[in-house]
Every structure is written in structure tokens, then in C-alpha cells.
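1. predicted structure and sequence below. I'll ask about it afterward.
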Amino acid sequence: MRHLVPFLKQPPRVAVIRLAGVIGSGPRAALSDEALGPVIEKAFRRGKPNAVALVINSPGGSPVQSSLIAARIRRLAEEKSIPVHAFVEDVAASGGYWLAVAADDIRVDPSSILGSIGVISAGFGADVFLKRQGLERRVYTAGTSKSTLDPFLPEKPEDVARLKSVLEDIHTAFITHVKDRRGAKLSDDPALFSGEFWLGGRAIELGLADGFGHLEPRMKEVYGDKVRLVRYGRRRGFLSRFGARIVGDALGALEERTHYARFGL
């Protein structure tokens with residue numbers, strides 16, 4: 001209530017948004033623009049914060065959702081003239097790093113993992129298995145490309161070439177975003193945009209981060225010992241508060257575990 005009393009001097013306020021989990025689409029995803037939009041808007045607009053801090057722990061996910069979330073953060077930061085700080089916990093890789101560069105300053109732990117500036121598409125092919133079982137796949141389409149990359153049919157070179165072209169375009173957009181945000185801070189190391197990832201110290205050397213630092217001590221260093229950290233996050237549903245799980249949650253947890261495992265976490 002103190003911020004409602006105009007003649008009382010207020011301590012600096014930093015709105016803290018936690019961005020943890022795999023980036024996907026829809027309200028059930030750990031990180032999506034649909035789910036996080038109201039949280040981000042509230043953090044920037046409520047109580048005139050001196051800054052916004054992003055606490056990031058994400059191995060990536062959807063490039064579109066990464067772009068939407070980051071664009072929302074930048075739009076509000078510029079509209080409100082509010083600086084944005086990012087603090088990386090275990091990992092900010094791939095789409096997670098896309099989110100990190102929405103900040104004006106990126107701080108890491110020595111053991112944080114950053115990078116993986118690349119794009120991946122993975123799946124399975126079951127055509128040989130079907131043949132061994134005596135099963136035949138029958139597909140009828142209107143349009144020559146409607147059955148592109150059907151996992152139950154033999155892979156076609158032209159389908160692979162088309163997919164790689166799409167992945168290259170997304171990769172180019174990712175690189176452009178990083179260069180626009182990090183600019184001259186980036187090194188000219190040829191591995192920078194190869195999809196490789198690094199620990200905190202090396203990430204700082206490459207210009208992917210600005211230095212070591214954890215949320216509370218860094219915010220006190222920048223805004224003074226009396227700074228208030230006001231945390232914003234998604235509200236959990238009634239069942240999830242009591243640890244209830246459904247099949248969809250279990251499958252989602254397995255998928256998330258797979259994403260983190262790529263970085264040895």
C-alpha cells in the first residue's frame with residue numbers, strides 16, 4: 001500500500017519474473033506467450049518498477065513462442081523506459097537464450113549453460129517396422145506436398161531439403177535477434193552460432209553474457225540495499241497445488257526432462 005501514498009519516499013522496486021521450463025504453445029505449456037502475457041504486463045505496469053529482472057532456467061523450445069515472449073518484454077521495456085536484467089540459473093539455451101537477450105544485461109553463475117544458438121527438428125521413421133509387420137501405409141492427398149515427412153513412409157530427399165531450408169530461415173532469424181540485442185559485445189568466434197553451448201565464464205568471454213551475478217546481490221549492487229524485489233508468476237491450478245497429476249502432465253514432464261538432458265542436466 002505504500003506506493004499509493006505519494007508523499008512517502010519509496011525504496012527502489014524491481015519486478016521479478018521467473019521464466020522456467022520448456023517453451024511451448026498454449027496455456028498448459030511451462031512458458032508460452034498466452035500464459036505469460038498477463039504476468040509480464042502486470043510486472044511492467046504495476047507500481048512503476050525501477051527495473052524488471054528475468055530469472056531464466058530454460059533449455060528452449062518453440063522459436064515462435066520464444067520470439068513472442070521476448071518481443072513483448074522489449075515492447076514494454078521501451079514503452080515504459082524500464083531497464084531489464086536477466087539472471088541465468090542452470091541453463092538459458094536455444095529459445096531460453098532467445099529470452100535472455102531480451103534483457104539489457106545478462107548475469108550468470110559460473111556453472112550456468114548458455115548458447116545453443118541453432119534450430120533442431122527431430123522425429124522417428126517407422127516405415128521399415130511397418131513393412132516387417134506386413135502393414136502398408138496408404139495416403140491420399142490433394143496437393144503434392146501434403147504428406148511431407150510422413151514418418152510412416154520412406155524419407156524423400158526433396159522433403160529433407162525443404163525442411164532444412166525452413167530450419168535455416170529460423171536460424172537466420174535467431175542470429176539476427178542475438179546480433180541486434182548484443183551487438184558489438186559478441187566475439188567473432190565462428191562457433192558462436194553453430195549450436196554449441198558453453199559454461200558461464202566462457203559465455204562471458206564470447207559476449208553472450210555480461211558477467212557473473214545472482215539476483216538479490218546484483219540488484220542491491222545496482223539499486224541499493226533497500227531495493228524491494230516484487231515477484232510475479234503464474235498461478236497454479238487447485239489440483240496442481242496438491243500435487244495432483246494427470247497423464248498429460250506426466251507426458252509433459254517427460255518431454256521437459258528430455259530437453260534438459262541435452263545439456264547434461
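-> Ah, there it is. Residues are numbered from 1 along each chain as shown.

2. downstream of the one helix or strand Ile73 maps to, the next helix or strand is which one?
-> In this assignment (DSSP states H and E), Ile73 forms part of helix 63-80. Later in the chain than helix 63-80, the nearest helix or strand by DSSP H and E is strand 84-93.

3. tell me where the stretch 1-150 of the chain has helices.
-> 33-45, 63-80, 95-100, 127-132 (DSSP state H, counting those that start in this stretch).

4. who does the longest one touch, helix- and strand-wise?
-> Helices and strands touching helix 63-80, by 3 or more C-beta pairs under 8 Å, 6 or more residues apart in numbering; DSSP states H and E, are helix 33-45, strand 51-58, helix 95-100, helix 157-182. The C-beta positions use only the backbone N, C-alpha and C, and glycine is treated the same way.

5. shaky segments in this protein?
-> Along the chain, the model assigns pLDDT under 70 to residues 1-8, 27, 235-265.

6. quick one: the spatially most central residue of it from Pro38, how far?
-> Nearest to the geometric centre of the chain sits Gly96, at 2.9 Å (C-alpha atoms, centre = their mean). Remark: distance between Gly96 and Pro38 (C-beta to C-beta, to the nearest Å) = 21 Å.

7. need the contact partners of the helix holding Ile73.
-> Residues outside helix 63-80 that contact it (C-beta atoms under 8 Å, 6 or more residues apart in numbering): 19, 23-25, 29, 31-33, 36-37, 40-41, 44-45, 52, 54, 60, 82-84, 95-96, 98-99, 101-104, 119, 170, 173-174, 177.

8. of those residues, grab the buried ones for ChimeraX.
-> Selection command for ChimeraX covering only the buried members of these, criterion 16 or more other C-beta atoms under 10 Å:
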select :19,23,24,25,29,31,32,33,36,40,44,52,54,60,82,83,84,95,96,98,99,101,102,103,104,119,174,177
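
9. residues in contact with Ser58?
-> Contact partners of Ser58, counting by C-beta under 8 Å, 6+ apart, are 19-23, 31, 91-93, 95-96, 99.

10. if we go to 6 Å?
-> By C-beta atoms under 6 Å, 6 or more residues apart in numbering, the contact list for Ser58 reads Gly96.

11. that one bridge partners, please.
-> Beta bridges link Ser58 to Ala92, judged by DSSP bridges.

12. quick one: the helices in the stretch 151-265 of the chain, in order.
-> 157-182, 200-205, 215-223, 238-241, 247-261.

13. nearest to Pro217, of the helices and strands packed on helix 63-80?
-> Among the helices and strands packed on helix 63-80, strand 51-58 comes nearest to Pro217, with 12.2 Å by C-beta to C-beta.

14. correct me if wrong: Asp105 contacts Val84.
-> No. Using C-beta atoms under 6 Å, Asp105 is not in contact with Val84, being 7.7 Å away.

15. against the centre of the chain, work out the most remote residue.
-> Farthest-from-centroid check, the chain (C-alpha atoms, centre = their mean): Gly134, 43.2 Å.

16. residues in contact with the closest residue to Ala86 other than its chain neighbours?
-> Here the nearest residue to Ala86 in space, its sequence neighbours aside, is Ala103; by C-beta to C-beta, 6 or more residues apart in numbering that works out to 3.5 Å. Applying C-beta under 6 Å, 6+ apart, one finds that Ala103 lies in contact with 54, 84-86.
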